[in-house]
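# A structural model of the following input is requested.
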Amino acid sequence: MTDTTESITDVGQVYTQSLATRIKAVPTLAWIAAAVGGFIGSIPLGLMMQYGNPEPLIALALPMMYGLSGPDLVSGWVIHQFHGIALAVMYVAAVQWQPLTEYAKTLRGAVALAVVVGVVSTALLSVLLMPLWLGAVGYPFTPTFPDLAMPEKLWSVLGHVIYALPATIGYALVMRR
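Below you'll find the predicted structure:
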């Protein structure tokens with residue numbers, strides 16, 4: 001029994017070390033390409049949020065999430081752009097998971113993964129996290145939890161896919177070399 005337990009532990013440690021090793025091996029240029037892509041992709045998403053939603057998401061919701069008074073459009077945009085970069089960096093780390101590593105290096109894979117990022121980020125951030133966080137900070141337009149309002153969530157998926165495309169494609173182009 002001890003041998004089996006030790007074997008499972010060893011396999012887990014090897015897998016974890018392997019993933020950590022793969023993350024460390026990502027070229028700096030790939031991290032930069034994804035981060036710049038995340039920054040660029042955040043611009044159309046932010047514009048969609050600013051002009052496509054009746055609530056002041058950029059100017060009021062984002063500053064309030066970080067304890068800032070609002071409305072403050074500049075602070076909201078800085079926070080939004082930071083989120084775009086942070087999510088792009090998380091994408092690079094996530095695609096080091098073995099089933100995705102090679103797929104993320106292709107343009108077809110990058111586009112498909114941008115769709116996945118769009119759906120997953122909308123589900124986790126817009127549908128689940130944002131209503132809870134906004135409610136906790138007293139945002140006056142807090143949606144119900146979970147926020148499944150339509151057609152806003154379809155708009156959110158589209159915006160997050162548009163956001164993700166420069167990050168996923170930038171990463172793929174650097175890693176194809």
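
# run through the helices of the chain in chain order.
Counting by DSSP state H, the chain has helices at residues 2-25, 28-52, 62-65, 73-94, 98-101, 107-121, 130-136, 152-175.

# pick the most buried one from those helices.
Burial of the helices of the chain is given as mean neighbour count (mean count of other CB atoms under 10 Å); helix 62-65 ranks first at a mean of 24. In short, each C-beta sits where N, CA and C put it, glycine included.

# which elements pack onto it?
Secondary structure elements in contact with helix 62-65, counted by 3 or more CB pairs under 8 Å, 6 or more residues apart in numbering; DSSP states H and E, are helix 73-94, helix 130-136.

# for these, give me JSON lines that also has distance to W31.
Listed next are the helices and strands packed on helix 62-65 as JSON lines, based on distance: least, CB to CB, whole Å:
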{"stretch": "helix 73-94", "distance to W31": "6"}
{"stretch": "helix 130-136", "distance to W31": "27"}
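
# quick one: which of the ones you listed is nearest A114?
Of all the helices and strands packed on helix 62-65, helix 73-94 sits nearest to A114, with 9.2 Å by CB to CB.

# hey, C-alpha coordinates of the closest one in CSV?
Coordinates of each C-alpha in helix 73-94 appear next as CSV, following Å, rounded to 0.1, in the frame of the first residue of the first chain:
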residue,chain,number,x,y,z
LEU,A,73,-13.5,57.2,-16.1
VAL,A,74,-9.7,57.3,-16.0
SER,A,75,-9.4,55.0,-12.9
GLY,A,76,-12.0,52.7,-14.5
TRP,A,77,-10.0,52.4,-17.7
VAL,A,78,-6.7,51.9,-15.9
ILE,A,79,-8.3,49.0,-13.8
HIS,A,80,-9.9,47.6,-17.0
GLN,A,81,-6.7,47.6,-18.9
PHE,A,82,-4.8,46.0,-15.9
HIS,A,83,-7.5,43.2,-15.9
GLY,A,84,-6.9,42.7,-19.6
ILE,A,85,-3.1,42.2,-19.1
ALA,A,86,-3.6,40.0,-16.0
LEU,A,87,-6.0,37.7,-17.8
ALA,A,88,-3.7,37.4,-20.8
VAL,A,89,-0.8,36.4,-18.4
MET,A,90,-3.1,33.8,-16.9
TYR,A,91,-3.9,32.5,-20.4
VAL,A,92,-0.2,31.9,-21.1
ALA,A,93,0.2,30.0,-17.8
ALA,A,94,-3.0,28.0,-18.5
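
# who does that helix touch, helix- and strand-wise?
Against helix 73-94 (3+ CB pairs under 8 Å, 6+ apart) you get helix 28-52, helix 62-65, helix 107-121, helix 152-175.

# next, the angle helix 152-175 makes with it.
Here the directions of helix 73-94 and helix 152-175 differ by 60 degrees (axes from the mean of the first three to the mean of the last three CA atoms, to 10 degrees).
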